[in-house]
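Engineer: sequence first, then the predicted structure:
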Amino acid sequence: GAGVSQTPSNKVTEKGKYVELRCDPISGHTALYWYRQSLGQGPEFLIYFQGTGAADDSGLPNDRFFAVRPEGSVSTLKIQRTERGDSAVYLCASSSPGTGGEEQFFGPGTRLTVL
Amino acid sequence: AQKVTQAQTEISVVEKEDVTLDCVYETRDTTYYLFWYKQPPSGELVFLIRRNSFDEQNEISGRYSWNFQKSTSSFNFTITASQVVDSAVYFCALRTNFGNEKLTFGTGTRLTIIP
């Protein structure tokens, strides 16, 4: 079946611009996660959705970052007034409902470059 | 707080050699899950294994095996008879089970198999 998809695969923008990154999770997966991976580092948690609501947004670095999942499926990560430090690969993952500890399936990521 | 340490930044071995990747974790929670993911040059994270804190049985899957020891807070990964296709960055990750669904990743170990 189809895995997690993310668009665009690459995004180059200028400092100060607004960007939107999209994630389409695996069908039926109620949990959706956003992570950010800088070069040479492991992924770092940003936000977690259970259904339509953000259950944990403690990883968002500041108020320039915002994410939505209005219908409980596709999610959009929005970054306002981008800065060069926002350059990274943004990863989306989803997991199925369960009792806990279900594996997260990752998408290919969106590589964001802020010039 | 949760923390995962992968002290080996890079490892190179000759094809067909065995190699062990180390992972040490820290958590105060008594219920937690440990994961290993593989990130090949293509960039997409691939799930390898999940282990919960109540199951200390070692696991073998083909050429892969995992050794979980709560006494030393370690969850090491061994590849037997390594192959060039095993070349990738490997991440160990931790997730607790008290409403916080995020994965905490280590910094990864870059494994290079020399033909």
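Structural biologist: Nice, I can see it.

Engineer: hey, let's count contacts and neighbours off CA atoms from now on
Structural biologist: Noted.

Engineer: contacts for the lowest-mean-pLDDT helix or strand in chain B, please.
Structural biologist: Ranking every helix and strand in chain B by mean pLDDT, DSSP states H and E puts strand B:59-61 at the bottom, with a mean of 87. Identification of contacts with strand B:59-61 by CA atoms under 8 Å, 6 or more residues apart in numbering or on different chains yields B:S65, B:W66, B:N67.

Engineer: where along chain A do the strands fall?
Structural biologist: With DSSP state E, the ranges of strands along chain A come out as A:5-7, A:10-13, A:19-24, A:31-37, A:44-50, A:53-56, A:65-68, A:75-79, A:88-95, A:105-106, A:110-114.

Engineer: can I get the ones you listed in a markdown table with distance to chain B?
Structural biologist: As requested, these are exported to a markdown table (distance: least, CA to the nearest CA, whole Å):
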| stretch | distance to chain B |
| --- | --- |
| strand A:5-7 | 11 |
| strand A:10-13 | 13 |
| strand A:19-24 | 14 |
| strand A:31-37 | 8 |
| strand A:44-50 | 6 |
| strand A:53-56 | 7 |
| strand A:65-68 | 16 |
| strand A:75-79 | 17 |
| strand A:88-95 | 9 |
| strand A:105-106 | 6 |
| strand A:110-114 | 10 |
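
Engineer: would you list those in CSV and tack on mean neighbour count and mean pLDDT?
Structural biologist: Formatted as CSV, the strands of chain A follow (neighbours: other CA atoms under 10 Å in any protein chain shown; pLDDT from 0 to 100):
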stretch, mean neighbour count, mean pLDDT
strand A:5-7, 21, 97
strand A:10-13, 14, 97
strand A:19-24, 20, 98
strand A:31-37, 25, 96
strand A:44-50, 23, 94
strand A:53-56, 16, 88
strand A:65-68, 18, 96
strand A:75-79, 20, 98
strand A:88-95, 25, 96
strand A:105-106, 23, 94
strand A:110-114, 20, 97
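
Engineer: which of those strands sits closest to B:Y33?
Structural biologist: Closest to B:Y33 of the strands of chain A, according to CA to CA: strand A:88-95, at 14.3 Å.

Engineer: helices or strands up against the closest one?
Structural biologist: Strand A:88-95 is packed against strand A:31-37, strand A:105-106, strand A:110-114, with contacts defined by 3 or more CA pairs under 8 Å, 6 or more residues apart in numbering or on different chains; DSSP states H and E.
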